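Engineer: Sequence and predicted structure below; questions after.
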Amino acid sequence: MRKVLKKVFHKRMLCLALIIGGIIMGCESSDSLILGDIKSEGKVLIKLYVLDGGEIEVADMSMFDPALEKGTKGIYANSIYLIKHPKGILLWDT
């Protein structure tokens with residue numbers, strides 16, 4: 001069970017890092033922004049919304065990690081991300 005909790009913790013920290021990165025990228029800028037083929041003068045508005053999609057209960061975690069015993073129970077967070085970009089909207093359900 002301790003391994004399961006450790007993996008859940010690491011996945012949540014990864015999600016948190018992605019959220020913070022998205023917030024930083026979504027800050028308004030009055031300078032020019034050049035990313036590969038994308039060039040923008042002025043404000044670049046990218047917004048990230050994090051929605052709670054509930055939890056996923058797994059009855060047998062060994063199907064995701066063979067090192068675990070069969071029948072080990074676990075819970076995953078189901079985060080949903082809505083990204084608003086000047087070129088469109090993306091709904092990402094993890």
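Structural biologist: Yes, it's here.
Engineer: now Tyr81: how far from Pro66?
Structural biologist: According to Cβ to Cβ, to the nearest Å, Tyr81 and Pro66 sit 29 Å apart. For glycine as for every other residue, the C-beta is placed from the backbone atoms N, C-alpha and C.
Engineer: pLDDT weak spots in the protein?
Structural biologist: Counting by pLDDT under 70, the ranges of the chain that qualify are 1-2, 4-5, 21-44, 94.
Engineer: where do the helices sit along this protein?
Structural biologist: 2-25 (DSSP state H).
Engineer: one step back: more neighbours: which of Tyr81 and Pro66?
Structural biologist: Counted by other Cβ atoms under 10 Å, Tyr81 and Pro66 do not tie: Tyr81 has more neighbours, with 18 against 7.
Engineer: List the contacts of the more buried one.
Structural biologist: Gly22, Leu48, Tyr49, Val50, Leu51, Leu90, Leu91, Trp92, Asp93, Thr94 (Cβ atoms under 8 Å, 6 or more residues apart in numbering).
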